[in-house]
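Novice: turn this into a structure:
(chains A and B)
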Amino acid sequence: MEFLAPSSLAEALEAKAAHPDAVPICGGTDVMVELNFDRRRPDHLLDLTRVPELAEWSVGAHPSDPSGASDASEFVRLGASVTYARVIRELSDRLPGLALAARTVGSPQIRNRGTVGGNLGAASPAGDSHPPLLAGGAEVELSSVRGTRLVPIDDFFTGPKQHAGAPDELITAVLSRATTGPQQFSKVGTRNAMVIAVTSLGLALHPDKGTVGVGIGSAAPTPVRASDAEGFLAAALDETGLWQSRNALPPSVATEFAVKVADAAAPIDDVRGTAAYRKHALTVLARRTLTWAWDDYRGSAA
Amino acid sequence: MRITAHVNGEVKQADDVWPGESLLHVLRERMGLPGSKNACEQGECGSCTVYLDGVPVCACLVAAGQAEGREIVTVEGLGTPEDLHPVQQAFLDAGAVQCGFCTPGLIVATHDLLTRDPGPDDAEIREALAGNLCRCTGYVKIIDAVQLAASRQRGEDRP
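Specialist: Sure thing, here's the model as predicted:
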């Protein structure tokens, strides 16, 4: 095994082009487990911890529209090697859903090393950062010596632990619109730390656009968006004038929303839980996160 | 590959390191520092917690090459048998050491907590130590030990 330690993004992309089989490693919280247990013996390890470009985050217009002419939203470009600990410390204001999810990752030691880029690379159906990224409509930046492209998060997960990146590409960043409304995250597990989600849910309200985002984890072969639930809730809020009035949410709306969230799931029975339990838990998480988010929205009225 | 790192204030070198081995293996088997314990090898138990560039991490999840040139502090770097760190003394005094296997990781995690927060409450202690398992289940005494170390550091309870 050869250890590749590039010190710039250009070097890292060249290394990945020269060795497409190289396994990228950053916090090591997934890759090292596979090495320690002899489950994987790649010919090359590609260490990304010395690539400064990946360790930064910035705020600006969308790269496809640098002047911000068509969308005045603020976008966060989160470098792939920014740790969960830094997301919590530095981005709780702009990406609150992702920061809430980051708080539930592993333990302090894991959050000090684990990264959102690594979570995307592992592409586990249970990855904690995936539901909020789905709810926020994020895009994944994939780079190679051939260039850089943005893949909508909906198209990124192609199967269990499979993603849309090509062998010569590296995940270099995630692009997500900074929050314009309440965001929530909730996760079911057996304790408050070191838990792989039995099931999880990220919810984002986008009052400026009159839309809703819902992503669910550990509920299907990949993390998925609950599109019907999103459409139902956005329409219900719109038809009843609730975005403007900020009145209490009718319980029937929350109940129907929860049913539609569970309908988006295609879960399995496994060691962490049964499919039936996961569907039930999703209805609870959906009602709970919607109640929290709507209370936030009502409380934030100017 | 050769690994050179600053470990407990000294420059240490290890040769013939397999690139896929963990920092924990390098520390224990090549640098003669067996204080950090090897238990789960998957970041679940925290027994191998060390400081890497000032941040507590599981040494079993750091690839050896990632430690090149970095600053590492293990439990051996916090105190010596003749001159225990106040956190170590508090663990002994509070009866927080049973089989002792989890203790080095807990000492490092507690050291980090008290550096950041000299007066944690029990909930904050549980959160800070959530990545460290004690299979003797001595958690009540461990929390007592953290509180004892904190009060001594604040000068309220001299040993």
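
Novice: which residues sit in contact with residue 90?
Specialist: Reading this off chain A. Residues counted as contacts of A:Glu90 (C-beta atoms under 8 Å, 6 or more residues apart in numbering or on different chains) are A:Trp57. For glycine as for every other residue, the C-beta is placed from the backbone atoms N, C-alpha and C.

Novice: think we crossed wires, I meant chain B
Specialist: For B:Ala90, counting by C-beta under 8 Å, 6+ apart, the contacting residues are B:Ala96, B:Ala145, B:Val146, B:Leu148, B:Ala149, B:Arg152, B:Pro159.

Novice: check whether stretch A:260-277 contacts chain B.
Specialist: No. Interface with chain B: stretch A:260-277 contributes nothing (C-beta under 8 Å from any C-beta of the partner chain), its closest point being 14.7 Å away.

Novice: now do the end-to-end distance for that stretch.
Specialist: One end of stretch A:260-277 to the other measures 16 Å (C-alpha to C-alpha, to the nearest Å).

Novice: sorry, back to before: out of the contacts of B:Ala90, which are buried?
Specialist: Neighbour-count burial (16 or more other C-beta atoms under 10 Å in any protein chain shown) applied to the contacts of B:Ala90 gives B:Ala96, B:Ala145, B:Val146, B:Leu148, B:Ala149, B:Arg152.

Novice: hmm, the strand or helix carrying A:Asn112 in reach of chain B?
Specialist: Per DSSP states H and E: A:Asn112 is located in helix A:108-113. Yes. Using C-beta under 8 Å from any C-beta, helix A:108-113 reaches chain B at A:Pro108, A:Gln109, A:Ile110, A:Asn112, A:Arg113.

Novice: per-residue confidence at the third one?
Specialist: At A:Ile110, the pLDDT value in this model is 98.

Novice: what about the contacts of B:Ala90, which are in helices?
Specialist: B:Ala145, B:Val146, B:Leu148, B:Ala149, B:Arg152 (DSSP state H).

Novice: buried ones in stretch B:49-57?
Specialist: B:Thr49, B:Val50, B:Tyr51, B:Leu52, B:Pro56, B:Val57.

Novice: identify the bridge partners of the fourth one.
Specialist: In this entry, B:Leu52 is beta-bridged to B:Val55, B:Ile72, by DSSP bridges.

Novice: so what's whichever residue of chain B sits closest to chain A up against?
Specialist: Going by C-beta to the nearest C-beta, chain A is nearest to B:Gly131 of chain B, at 2.4 Å. B:Gly131 makes contacts with A:Gly106, A:Ser107, A:Pro108, A:Gln109, A:Ile110, A:Ala193, A:Met194, B:Gly43, B:Gly46, B:Thr49, B:Cys58, B:Ala109, as judged by C-beta under 8 Å, 6+ apart.

Novice: now with 6 Å, please.
Specialist: A:Ser107, A:Pro108, A:Gln109, B:Gly46 (C-beta atoms under 6 Å, 6 or more residues apart in numbering or on different chains).

Novice: can you tell me which of those is nearest A:Ala219?
Specialist: A:Ser107 (24.0 Å; C-beta to C-beta).
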